[in-house]
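Q: just the structure for this:
(chains A and B)
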Amino acid sequence: MAAAMPLALLVLLLLGRRGWCLAEPPRDSLREELVITPLPSGDVAATFQFRTRWDSELQREGVSHYRLFPKALGQLISKYSLRELHLSFTQGFWRTRYWGPPFLQAPSDTDHYFLRYAVLPREVVCTENLTPWKKLLPCSSKAGLSVLLKADRLFHTSYHSQAVHIRPVCRNARCTSISWELRQTLSVVFDAFITGQGKKDWSLFRMFSRTLTEPCPLASESRVYVDITNYNQDNETLEVNPPPTTTYQDVILGTRKIYAIYDLLDTAMINNSRNLNIQLKWKRPPENEAPPVPFLHAQRYVSGYGLQKGELSTLLYNTHPYRAFPVLLLDTVPWYLRLYVHTLTITSKGKENKPSYIHYQPAQDRLQPHLLEMLIQLPANSVTKVSIQFERALLKWTEYTPDPNHGFYVSPSVLSALVPSVVAAKPVDWEESPLFNSLFPVSDGSNYFVRLYTEPLLVNLPTPDFSMPYNVICLTCTVVAVCYGSFYNLLTRTFHIEEPRTGGLAKRLANLIRRARGVPPL
Amino acid sequence: RPRLSPPVRRPDARTPGLGLRPAVLSYVAGIAWFLALVFPPLTQRTYMSENAMGSTMVEEQFAGGDRARAFARDFAAHRKKSGALPVAWLERTMRSVGLEVYTQSFSRKLPFPDETHERYMVSGTNVYGILRAPRAASTESLVLTVPCGSDSTNSQAVGLLLALAAHFRGQIYWAKDIIFLVTEHDLLGTEAWLEAYHDVNVTGMQSSPLQGRAGAIQAALALELSSDVVTSLDVAVEGLNGQLPNLDLLNLFQTFCQKGGLLCTLQGKLQPQDWTSLDGPLQGLQTLLLMVLRQASGRPHGSHGLFLRYRVEALTLRGINSFRQYKYDLVAVGKALEGMFRKLNHLLERLHQSFFLYLLPALSRFVSIGLYMPAAGFLLLVLGLKISSLHEAEVGVEEPGGAPGPSVPLPPSQGVGLASLVAPLLISQAMGLALYVLPVLGQHVATQHFPVAEAEAVVLTLLAIYAAGLALPHNTHRPLSCRVVSTQAPDRGWMALKLVALIYLALQLGCIVLTNFSLGFLLATTMVPAAALAKPHGPRTLYAALLVLTSPAATLLGSLLLWRELQEAPLSLAEGWQLFLAALAQGVLEHHTYGALLFPLLSLGLYPCWLLFWNVLFWK
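A: Here you go, the predicted model:
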């Protein structure tokens, strides 16, 4: 079954700067955490993060001894002078409108000079991608949180996204030297309807068909966070079992959240019953109401019909009641959709919305896609429609995929925005706060950064009929075309019998000689 | 220079027999070919071409019959209470079965009141729920739609739709999103939804934009049920402007009919078992004729017909509850639908392997385009033969004039001949334009001056202009013919006009046959003989009668009578006339509301062309 799986590859290549000295001996540490978030729609999102930090100048000196940091990736960094790498495999689609903004986003670096960005929307994600990913973990899937990573459960979900993020981080507050950080993340969204048979209660066992038994001995921190925020102001609506020892409160993605913390390194936690099976029960089940809509969400589609032209439309929703905010929209469109840039229209609330910045790089046939980047101000409480018309190109017959009638994928557009927060966040200590909160440090408490991807699109191109009759027609036409020329020539040409001319003097002479020689005349 | 070929002997145009005999033969061959289509060498068994749907096995597990009935009861109760589509109830129920629910409101002012459906200013709300497939990023989808009319006849279908949604939601194998769509005001709602989904405006519908989409729609099934139990399922394939879905979709339906032991019909007819004797083919001919008539009408026969414009393969399934003993419950219908959806879910590509152009003499038999086209080809050949014989005759008329002296008088006489054609051509086209524009434009004027309703006014204006067209050309061509008479060949005028008319007709029929075979064939069968015979000599009253009987309007009336005859519900002439008036109004309305092309085609193309022949007949 070929489902559309976006695979995003984000590589930042930058030559490492030379001349930094090593201040202390190499030291590495592992932190692991699992965040379980009941989503507004009733589904449950589970986000694993495994962070390996290594205080080592990988690019400068030939490091040969690897402890926690995987050697395969370390060598990649030192050999290719990699500055930053983000690679993600995703199956399904994060439905922002129903699930709220996602935790894990790609980095906010938009320095295009060094940036390589590619998406393969057609690629299939499978267990064969999960296994090598698990092997990068220091405890593999033997102990700690990674016990829960059981392929058959992880792929029976509405959303599955696994990623590897490598980046340099400051080693100390003054940033005199850098450390390398490897974050392996895995997010899954369990469908409450399918896993819970209609009930919205969940437990670790029900989701992963495993329970936690022991911490990873190599980890310096191993925690499970459960979002127990009360959405309704009245009494408690949900109950977690076993009761948490501590809770954590912070402003995450613009709203105040409360998390129950289960520390696996706390010996009492496991020792009580030899395993930890966290359960959540709704005291009053959430009603089937439309969930609250996040401030920013988007939708993208192809409009029009027929195989000649079409229109790419992106709807950007700003549901904030009174604040406008800018959005950076990045679109890469394959060359076989020939964009008509003069038809680019951006309208919000029925009026034209002029983007403050446009960068457009036209496509070259068979070489590079269109790149369109725009900074658009979204007015408060509005829908902004960005649309651009295109013509569907006719490919060469060898360029069609083996299943051309399936259609061709257009990769998702990327939206990056600083969305206003409901509650102002205070600056956090980066190294001490939970991992899910520290992927993006907030510089300004009144906004939070969100990067969203729209859905990939499937566009049908004019496709020849690659079947037997088509081949027969082609062959017949060729034969007819070849024959037609010669037949037409034969039928229309008039043939005259040319009388032999009594040639010139030279010829007559030659014939005389020929006759003398006994050779037939010319 | 010696001539290589012997000189061509031109048949004399004034001896009628010579050009006629091959033409008659060709016409008879065309009709005979069409009738022969129902016999086994020409009709073949259908077969599944799409690999993804053919060999895979699915097991249907739907068992929500009680749930479907409960939903249907609730729906009917709520619908009765509110008098319109119970939008809030539908939203709540769809959300409770786990769908993403959206609504779309639309409004449309029809060009004139629709008396058949009793509506004029239409506004309604469509409700749809999307089941998000866990294995894909909403790039492809399937649609199950139930059109709801003004009464609650389709409530069982809504019940089954909801029960199926609940069952489908619990499964993990979906690779394509499934949209469950309930539309108000049956086809108008479907049209509004489709236009909004594809973000186009084809018919002037006003509707709110859609909030939720699910990628490219691969296939759609429309469901119409009006009772808890059915005796048979009827399938409708004919869509807007005679478009047909891919034959594989019908094959899929037939597969599940056989698997579930359901009684399935096409055009309300059971399929004949025995094709070796004469009975089977004769019964097949009935079904085939019904299909030809329905396809020729160009109307969407069910809400699936509107999907076809967007290249979404679609079918309408209709539950029929007759007096037959054995009945099936909703579980059987639901299982068939579940099976079809699961197989469609397997599709890797759009349905494209099988035929898009076919005729169906039975559910499991089809005639492919390569085999039915010769029938129309023979009929068009008649026109071709007439054109060539007429052309030669015209050249033959000219030659004696040119022979005595050097060819000086030729160019002026030719100029007069062409000029004499301009007026009839312009007048007939103007009549066509008036027929197309005036009825709807002038309805208010008509209602002010005559005691009629708007819909009646439109139909009566239509008929009045149509009839007026017959009277007009007599009066206008006389001064022209005087000039023609002054030239040496008195026949040249009408011959030139007939030549132009024949070419015009042949071109039009050729184009129609390629896009909608049934319509083209029907028009060719009726119009070709009269067109070939029309001339100002001989038994003119007979020709006039024949021409009137084969005019587009008379063809429509005849088709209606034939249709009811084939359905075994024959009409009296008075009933037929009432139905004819209703059909005229519907034809105009469907052009404006769904973009059906039959009305403009007849009024702007074939009617003016037919007027030219009328003009030829009364040439003086």
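Q: contacting residues for the residue in the stretch 301-450 of chain B that chain A sits nearest to?
A: Relative to chain A, the nearest point of the stretch 301-450 of chain B is residue B:349 (3.8 Å; C-beta to the nearest C-beta). Placement of C-beta: from N, CA and C, glycine included. Taking C-beta atoms under 8 Å, 6 or more residues apart in numbering or on different chains, we find residue B:349 in contact with A:403, A:404, A:405, A:406, B:52.
Q: show me the domain layout of chain A.
A: A:28-59+A:67-282, A:296-459 (the TED database).
Q: can you redo the ones you listed as JSON lines with mean pLDDT and distance to chain B?
A: Shown next, in JSON lines, are these (pLDDT from 0 to 100; distance: least, C-beta to the nearest C-beta, whole Å):
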{"stretch": "domain A:28-59+A:67-282", "mean pLDDT": "81", "distance to chain B": "4"}
{"stretch": "domain A:296-459", "mean pLDDT": "88", "distance to chain B": "3"}
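Q: mean neighbour count added to those, as TSV?
A: TSV is the format used below for those (neighbours: other C-beta atoms under 10 Å in any protein chain shown):
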stretch	mean neighbour count
domain A:28-59+A:67-282	18
domain A:296-459	17
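Q: looking at these, which is closest to residue B:159?
A: Within the domains of chain A, the stretch nearest residue B:159 is domain A:28-59+A:67-282; the backing value is 19.3 Å (C-beta to C-beta).
Q: start to end distance for the closest one?
A: 41 Å (C-alpha to C-alpha, to the nearest Å).
Q: what ranges do the helices span in the stretch 251-400 of chain B?
A: Ranges of helices in the stretch 251-400 of chain B, per DSSP state H, counting those that start in this stretch, are B:279-297, B:304-307, B:330-345, B:369-402.
Q: give me whichever of those is most buried.
A: helix B:304-307 (a mean of 30; mean count of other C-beta atoms under 10 Å in any protein chain shown).
Q: by contact count, what packs against that one?
A: Helix B:304-307 sits against helix B:186-197, strand B:216-224, strand B:313-320, with contacts defined as 3 or more C-beta pairs under 8 Å, 6 or more residues apart in numbering or on different chains; DSSP states H and E.
Q: on that earlier part again, what's the nearest residue to the residue of the stretch 301-450 of chain B closest to chain A if we skip its chain neighbours?
A: Spatially, and ignoring its direct neighbours in sequence, residue B:349 is nearest to residue A:405 (3.8 Å; C-beta to C-beta, 6 or more residues apart in numbering or on different chains).
Q: likewise for residue B:268?
A: Spatially, and ignoring its direct neighbours in sequence, residue B:268 is nearest to residue B:234 (5.8 Å; C-beta to C-beta, 6+ apart).
Q: residues in contact with that neighbour?
A: Counting by C-beta under 8 Å, 6+ apart, residue B:234 has contacts B:264, B:265, B:266, B:267, B:268, B:317, B:318, B:319, B:320.
Q: please apply the same query to residue B:384.
A: Contacts for residue B:384 (C-beta under 8 Å, 6+ apart) come out as residue B:506.
Q: and it, what's its pLDDT?
A: For residue B:384, the pLDDT comes out at 91.
Q: what do you get for residue A:61?
A: Residue A:61 carries a pLDDT value of 65.
Q: what does the one 3 residues further on give?
A: pLDDT recorded at residue A:64 is 73.
Q: quick check, it in a strand?
A: No - using DSSP: H, G, I helix; E, B strand; the rest coil, the secondary structure at residue A:64 is coil, not a strand.
Q: could you list the low-pLDDT ranges of chain B?
A: Where chain B drops to pLDDT under 70, the residues are B:1-20, B:55-56, B:152, B:396-417, B:473-490.
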